[in-house]
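A.B. asks: what follows is a predicted protein model with its sequence.
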Amino acid sequence: MAKSYLSKHVENLKPSGIRRFFEIAATMKEVISLGIGEPDFDSPQAIIDAGIRSLQQNQTHYTSNRGLNSLRETLCDHIEKLYSVKYDPLTEVVFTVGGSEALNIACAAILDPGDEVILPTPCFVSYQGVITLAGGVSVEIPSRMENNFLPDPAELEAAVTDRTKAILLNFPCNPTGAVADKETLVAIGHIAEKHDLVVISDEIYDRLVYGDGHICFPALEGMRERTILIGGFSKDYAMTGWRIGFACAPEAIMNGLARIHQYIIMTAPTMAQYGALEALRSCESDVLRMVEEYDRRRKLIVQGLNYIGLPTFEPLGAFYAFPKVDVTGLSDDEFAERLLHEKHVAVVPGSAFGPGGEGFVRCSYATAFDQIEEALDRIDQFVKSL
């Protein structure tokens, strides 16, 4: 075999457990996909118009590395209004190519080789890879359905070593739909403070909450100065293809993120920044409309899965249900593969999302109501056939 020129980091990266099922589904007809984590709504018209207008006005040049001044100022006002946490738009914000870049530069900025990041799982499939590529080590702490897929603070603290540098949180959570209560987040904050850890808080689904509302981690007492807040516009504003996200952090930390961003990206797309600015200025009613419709779909899919006999706890955020499928006698991988081939419904095996996900599948309800109804009928038929 020829010599490999790839780095060991890259050679050891696992392929996405999500992508395999999408590739199979793409070869089939009449597939209903509950697999993709993307809103089925189009971007609000005001956002589209703002993007077009920016092009027509020849706003096709680089912006400031950290983003348009007006966009940073508007975002900081938005976060302060929602969560009562204040950031300096000049020194504590950077706009990125999606939340994905924000996560990448956050890990790259704070991790030295061998540094450990405590990671509650199941979690989004890229987290372990991003930590690995930054030279870090993921320390996975499985959560459990009986605890509403929230991390146990005692287990989390037991995982702290002298190499621990950070805790990576994601609430509302992909893939479980879990929303952390204040008691859990405060307990995690005390652990971070006690052991002097950074907290990376990925809050990309912050507006998609169906219960009492979102708790912004840096808004908790004492947490702002040790937190990197990650967010974006893909989920809340149905802007996935615009690729626009952001990170907020204290100036000393942000200087590191911005330096990496400057070298690997330079600036987020100018057109997308103008779209994001319009989203913050005029699209609140669109967000509320989408949340109302997601809530309607959420109730349908959770009730339907439980009726079928697949135990499903109530997700209070994002747009995912996480039913337990090993009650059928199949593993999550077998369940997903057979459901796709036999009934043409695509879901994602829970094991793709790390420890704690085994025996579950992720079902996205970011698809049309009637499609969810049909998918539930097909799942019911499949389970009855076993």
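C.D. replies: Ah, there it is. Numbers count the residues shown, from 1 in each chain.

A.B. asks: buried ones in stretch 151-161?
C.D. replies: Neighbour-count burial for stretch 151-161 flags 151-153, 156-157, 159-160 (criterion: 16 or more other Cβ atoms under 10 Å). To be clear about C-beta, it is placed using only N, CA and C from the backbone, and glycine gets the same treatment.

A.B. asks: out of those residues, which is nearest to Val209?
C.D. replies: Pro151 (18.4 Å; Cβ to Cβ).

A.B. asks: just the pLDDT at that closest one, thanks.
C.D. replies: pLDDT for Pro151: 97.

A.B. asks: what sits closest to Ile110 if chain neighbours are left out?
C.D. replies: Of all residues not flanking Ile110 in the chain, Val198 sits nearest, at 5.4 Å (Cβ to Cβ, 6 or more residues apart in numbering).

A.B. asks: what do you get for Ala368?
C.D. replies: Sequence neighbours aside, Asp40 is the residue nearest to Ala368 in space, at 6.1 Å (criterion: Cβ to Cβ, 6+ apart).

A.B. asks: show me where this protein has its helices.
C.D. replies: For the chain, the helices defined by DSSP state H cover 8-11, 19-25, 45-56, 69-83, 98-110, 126-133, 153-158, 182-194, 251-264, 270-282, 284-308, 332-343, 369-385.

A.B. asks: which of the ones you listed sits closest to Tyr237?
C.D. replies: For Tyr237, the closest of the helices of the chain is helix 270-282, at 4.5 Å, according to Cβ to Cβ.

A.B. asks: which residues touch that closest one?
C.D. replies: For helix 270-282, the external contacting residues (Cβ atoms under 8 Å, 6 or more residues apart in numbering) are 43-44, 46-51, 53-55, 59-63, 67-68, 70-71, 74-75, 78, 95, 233, 237, 239, 242-244.

A.B. asks: narrow these to just the buried residues.
C.D. replies: Of the contacts of helix 270-282, these count as buried by 16+ other Cβ under 10 Å: 43-44, 46-47, 50-51, 54, 63, 67-68, 71, 74-75, 95, 233, 237, 239, 242-244.

A.B. asks: what's the spacing between His190 and Thr184?
C.D. replies: 11 Å (Cβ to Cβ, to the nearest Å).

A.B. asks: and if you look at Arg53?
C.D. replies: 44 Å.

A.B. asks: stretch 359-376: which residues count as buried?
C.D. replies: Using 16+ other Cβ under 10 Å, the residues of stretch 359-376 that count as buried are 359-367, 371-372, 375-376.

A.B. asks: need the residues you listed in CSV (columns: distance to Val117 and pLDDT).
C.D. replies: CSV is the format used below for the buried residues of stretch 359-376 (distance: Cβ to Cβ, whole Å; pLDDT from 0 to 100):
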residue, distance to Val117, pLDDT
Gly359, 25, 98
Phe360, 23, 98
Val361, 26, 98
Arg362, 22, 97
Cys363, 28, 98
Ser364, 26, 97
Tyr365, 30, 98
Ala366, 28, 96
Thr367, 33, 95
Gln371, 37, 96
Ile372, 35, 98
Ala375, 35, 98
Leu376, 37, 98
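
A.B. asks: and the furthest pair within these?
C.D. replies: The span of the buried residues of stretch 359-376, defined through Cβ to Cβ, is set by Gly359 and Gln371 at 25.3 Å.

A.B. asks: returning to what we had before: of His190 and Thr184, who's got more company?
C.D. replies: Thr184 (21 against 15; other Cβ atoms under 10 Å).

A.B. asks: which residues touch the more buried one?
C.D. replies: 150-151, 153.

A.B. asks: domain assignment for this structure?
C.D. replies: 8-43+285-385, 45-283 (automatic domain parsing).

A.B. asks: what's the most buried one of those?
C.D. replies: Comparing those by mean neighbour count (mean count of other Cβ atoms under 10 Å), domain 45-283 ranks first with a mean of 20.

A.B. asks: ends of it, how far apart?
C.D. replies: Distance across domain 45-283, first residue to last, is 9 Å (Cα to Cα, to the nearest Å).

A.B. asks: just checking, the residue nearest to Ala368 touches Thr367?
C.D. replies: Yes: Asp40 lies in contact with Thr367 (Cβ atoms under 8 Å); the separation is 5.2 Å.

A.B. asks: any residues in contact with both of those two?
C.D. replies: Contacts common to Asp40 and Thr367, judged by Cβ under 8 Å, 6+ apart, are absent.

A.B. asks: low-scoring stretches of this structure, by residue?
C.D. replies: Scanning the chain with the threshold set as pLDDT under 70 gives 1-2, 16-22, 24-26.

A.B. asks: please repeat the previous calculation with a cut-off of 80.
C.D. replies: The chain contains residues with pLDDT under 80 at 1-3, 9, 12-29.

A.B. asks: show me which of the buried residues of stretch 151-161 is closest to His341.
C.D. replies: Distance to His341, by Cβ to Cβ, is smallest for Pro151 among the buried residues of stretch 151-161, at 34.9 Å.

A.B. asks: spit out the contact partners of that closest one.
C.D. replies: Pro151 touches 120, 141, 143, 184, 188, counting by Cβ under 8 Å, 6+ apart.
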